[in-house]
Structure formats: structure tokens, C-alpha cells
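Participant: sequence unknown, structure follows:
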């Protein structure tokens, strides 16, 4: 991969250093300087060096695709939540009005079928969400 640093002839015992130039917009540069100062670093370089070391050691990164996957998970969870709320509302109405059970027996049979379909759909969506969460977590390490 990379070459080993060569000995520094001006300062024996110290390895030669090479830098990395990172072009930044002024507002990013100012934010990095401020963050370095706020966290007690003598220089912005020391702050950035430490931040990169920590990122490399922890291996934590969230890629754009991971962000998109997480957004999709939220959408699926909202859909499942809406379906479960429909089921809960219908069950609450029935529980509070037992007369509806006798007056609307045929209709309730249809509603029961719809409740079962809604519950099955919600379970399927929850399974999809679980699978997607597992994929995202696997990618994140």
C-alpha cells in the first residue's frame, strides 16, 4: 500500500512527514478552527488528526445509501403504525359499543376480515423493516 516514511536527515530519529491538503469552504474551515479551539486543541491540525484517528479506529461511517435506507425504514414504520392504529381504533369502537355487535353482525364479519388483513399487512411490513434494519446494521458494523 503506502511507503514507509524515510528517515529525516535534518532531525535524526524522526520520520519524514507528508501532509494532506483538504480544500475547504471558508465556513467549514472556520467551524473546524472553532471546534478545535472549543475542545482545547492547540492547532486545527491536531484536532483533525485526532478526529480521523478515531474514525479509523471505530470504523463508523454512515454512507448516503445508509441514510436513504434509514429514511425508508422510517417510512415503513410509519405505514405499519398507521395500519395498527386503524386496527386499534376499530377494536376500541367495538369494545365501547356492544350494541354495534348485534346490530351490525354482517358488517362486523366483513370488518373482522379487514382487521385481519390489516394486521397481516402490518406484520409483513414489520418483517420488512426488521430485515432492512439488519442489513443497515450489518453495513455499519
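Facilitator: That came in fine, so what should we check first? Bear in mind that the values here come from a model prediction, so they are computed numbers and not experimental data.
Participant: what's the least confident helix or strand in the chain, going by average pLDDT?
Facilitator: Least confident helix or strand, the chain: helix 98-103 with a mean of 68, by mean pLDDT, DSSP states H and E.
Participant: next SSE after that helix?
Facilitator: Where DSSP states H and E defines the elements, the next helix or strand beyond helix 98-103 is helix 105-140.
Participant: next one: that next one to chain centre, how far?
Facilitator: Distance of helix 105-140 from the chain centroid (CA atoms, centre = their mean, to the nearest Å) equals 22 Å.
Participant: Show me the shaky parts of the chain.
Facilitator: 1-16, 60-62, 95, 98, 100-111, 140-141 (pLDDT under 70).
Participant: Next up, identify which helix or strand the residue positioned nearest the centre of it is on.
Facilitator: Centroid-nearest residue in the chain: residue 70, 4.8 Å away (criterion: CA atoms, centre = their mean). Following DSSP H and E, one finds residue 70 within helix 64-96.
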